[in-house]
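Enquirer: Here is the input, now give the coordinates:
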Amino acid sequence: MHPLSPYDDPLTYLAEPPHDETDEAREARLLAEQEARQISDQIDDQINQEKLAAKKGPKPVKVLLLGKSTTLKNFQLMASPKAFRAERVIWRAVIQLNVVRSIHLILDIMSEAHRQQQQRERDAAARVFPASPRSLSDAAHALPSLTDEHLRLKMRLSPLVQVEEFLVGKLSACPTGKYKRSAHFAALTNLPQDRLGAGGDGAMNRRQRVQVPKELEVNSWSGWKGRLGKLVGAEKEGDEEDDGIDWDDPDDPGRIIHMCGDDMMQLWADSLTHQLLRAQGLRLEEMSGFFLDCLPRVTALRYVPSDDEILRARIKTLGVSEHRFTLSANSILSPEWRVFDVGGHRSSVTAWIPFFDDMDAIIFLAPLSPFDQVLEEDPGVGRLEDSVLLWKSVVSNPLLARTNIVLFLNKCDILTEKLKAGVPFARFITSYGTRPNDYESVSTYMRRKFAGIFKDHSRSPRPFFCHFTSVVDTKATHHILVDVTELVMRDNLNKSSLLM
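Expert: Numbers count the residues shown, from 1 in each chain. Next up, the predicted model:
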């Protein structure tokens, strides 16, 4: 190996074959290079064909989606129902992950309750003098005690921890056993900020809080569906009845979940479980990916998720992904639709937005129900506040000044239940003032809030489209089609000077 001179091209030098290369190694290398060139040529040909087809055919409708991926799933279900249902095996694994993570969280709270219980017993045994007022106060705010049956139940459910590690490891390309559950309490709690501080006299400050695990994140470009599909046998040819699921796979996580099914149902039906969750300020029912209310179905040995359950399944994706759909040929617009899904935190979404200045419309989803929750990545910012800030950023962006926007105020069903339960909206959104704590008043206030920002910060006149939707709303896609069709037709007429 000769030393690299200043006149040598380092790339050429690195690409040179080794001087001691054997004939067999040389033949294998040349064959690999030939295959690589063929693949590269095929990719180039495909790109050129797509460019030619794009020039000949009608211009596709381009939509930028900012928000939950449920809307994207609705698009897939409407445009490609067969392909959507072919992914049932993949979403089955995601739903199983959602379930075991919820159970694991409850088990963590039970562990903390048991730790406190043992500490109280040790303190009582070692106490010589009467308990101090502070000790009595701490005891009053301690987590409820577990019975022996609760401890046995907790032990029987422990295999689900390994199921979670197995699924997450495969999904995130992290070797099994290397996965660590990082935690963050504030992101999923329903308690106000003044009760989350380190000091203060609130009950939660005198109680050890169990940290909620940080939500799993996968990159949209990482091929997580393909990786998970191989894990659960999605490549297997199957009939419509089994959806391609290999029921004989010994590594199927569904086997352990089924074995623990009765115990999971017993845990969720136990009143102590809900006492523990209330003591921690948690309402699992309001979190994305909640399936504990349908455990008899999802723990069945031959469980296949329904369309509704797939829409509710939750996995957080980061980055940008493009999805192409062919809609009805009878559509007024081009049947070819391209939906760009931008996922991630507000900072990353804002960074991507300028690259989408040629969109026909932006679909903006803002959930209203998490008004009492804070961001996982920034506990100092409320989730509803974050949606408002992102809305303002999108509306005021000069590169998007001529792009039409459709607003969906989402999760109104959960918002209704939360307000009925007595959670005060004004306590978290102080500008709400003394208005009634009911759905009609809150939804009207938030619509006016978003509309005011839209009017004040838009750099050019645009129509304001706003819809109220629930967590799983199949009508949302219909609204998108109708609104985007109207917006594109308006633009075409404006360009033709037919609409003044």
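
Enquirer: So, low pLDDT: which residues of the stretch 101-250 of the chain?
Expert: For the stretch 101-250 of the chain, applying pLDDT under 70 flags the ranges 127-141, 173-215, 220-244.

Enquirer: Strands along this protein, start to end?
Expert: Secondary structure of the chain (DSSP state E): strands at 61-66, 217-219, 316-326, 336-343, 361-367, 404-410, 465-468.

Enquirer: I figured Leu146 was touching Asp270, is that so?
Expert: No - if you go by C-beta atoms under 8 Å, Leu146 and Asp270 don't touch, sitting 10.4 Å apart. Quick note: C-beta positions are derived from backbone N, CA and C, even for glycine.

Enquirer: neighbour count winner among those two?
Expert: Taking neighbours as other C-beta atoms under 10 Å, Leu146 and Asp270 compare with Leu146 leading, 19 against 16.

Enquirer: Nearest the geometric middle of the protein, what residue?
Expert: For the chain, the residue sitting closest to the mean C-alpha position, by C-alpha atoms, centre = their mean, is Lys316 at 3.1 Å.

Enquirer: among the helices and strands of this protein, which one scores worst on average pLDDT?
Expert: helix 133-140 (a mean of 48; mean pLDDT, DSSP states H and E).

Enquirer: about what we covered before: who does the residue nearest to the centre of the chain bridge with?
Expert: Beta-bridge pairing of Lys316 under DSSP bridges involves Glu217.

Enquirer: Ala125: neighbour count?
Expert: 7.

Enquirer: quick one: the helices in the stretch 401-500 of the chain?
Expert: For the stretch 401-500 of the chain, the helices defined by DSSP state H, counting those that start in this stretch cover 412-420, 425-428, 439-457, 475-495.

Enquirer: which residues sit against the second one?
Expert: It refers to helix 425-428. Residues from elsewhere that reach helix 425-428, judged by C-beta atoms under 8 Å, 6 or more residues apart in numbering: Pro192, Phe371, Asp372, Gly382, Leu384, Leu419, Tyr432, Gly433, Thr434, Arg435, Asn437, Val442.

Enquirer: So which bits of stretch 289-306 are buried?
Expert: Of the residues in stretch 289-306, Gly289, Phe290, Phe291, Leu292, Leu295, Val298, Thr299, Tyr303, Val304, Pro305 count as buried by neighbour count, 16 or more other C-beta atoms under 10 Å.

Enquirer: Return, as residue ranges, the portions of the stretch 351-500 of the chain with sub-threshold pLDDT.
Expert: Applying pLDDT under 70 to the stretch 351-500 of the chain flags the ranges 471-477, 492-500.

Enquirer: Show the secondary-structure elements that the longest helix along the chain is packed against.
Expert: Identified as the longest helix of the chain according to DSSP state H is helix 88-126. Secondary-structure packing of helix 88-126 (3 or more C-beta pairs under 8 Å, 6 or more residues apart in numbering; DSSP states H and E): helix 148-156, helix 159-171, helix 224-232, helix 253-259, helix 261-269, helix 271-279, helix 295-298, helix 307-312.

Enquirer: C-alpha coordinates for the longest one, PDB please?
Expert: Once non-C-alpha atoms are left out, helix 159-171 reads as follows in PDB (Å, rounded to 0.1, in the frame of the first residue of the first chain):
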ATOM      1  CA  PRO A 159     -44.000 -11.300  30.500                       C
ATOM      2  CA  LEU A 160     -45.600  -8.400  28.700                       C
ATOM      3  CA  VAL A 161     -42.500  -6.300  29.500                       C
ATOM      4  CA  GLN A 162     -40.500  -8.700  27.300                       C
ATOM      5  CA  VAL A 163     -43.100  -8.500  24.600                       C
ATOM      6  CA  GLU A 164     -42.800  -4.700  24.600                       C
ATOM      7  CA  GLU A 165     -39.000  -4.900  24.300                       C
ATOM      8  CA  PHE A 166     -39.300  -7.400  21.500                       C
ATOM      9  CA  LEU A 167     -41.800  -5.300  19.400                       C
ATOM     10  CA  VAL A 168     -39.900  -2.000  20.000                       C
ATOM     11  CA  GLY A 169     -36.600  -3.600  19.200                       C
ATOM     12  CA  LYS A 170     -37.800  -4.900  15.900                       C
ATOM     13  CA  LEU A 171     -39.700  -1.800  15.000                       C
END
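
Enquirer: quick check, distance from it to the centre of its chain.
Expert: Distance of helix 159-171 from the chain centroid (C-alpha atoms, centre = their mean, to the nearest Å) equals 18 Å.

Enquirer: What of stretch 443-456?
Expert: Its chain's C-alpha centre and that of stretch 443-456 lie 26 Å apart, by C-alpha atoms, centre = their mean.

Enquirer: related to what we said a few turns ago, rebuild the helices and strands packed on helix 88-126 as TSV, extending it with distance to Leu107.
Expert: Listed next are the helices and strands packed on helix 88-126 as TSV, based on distance: least, C-beta to C-beta, whole Å:
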stretch	distance to Leu107
helix 148-156	6
helix 159-171	8
helix 224-232	24
helix 253-259	14
helix 261-269	8
helix 271-279	10
helix 295-298	15
helix 307-312	22
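
Enquirer: Quick check: which of those is nearest to Lys59?
Expert: The minimum distance between Lys59 and these falls on helix 224-232, with 28.8 Å, by C-beta to C-beta.
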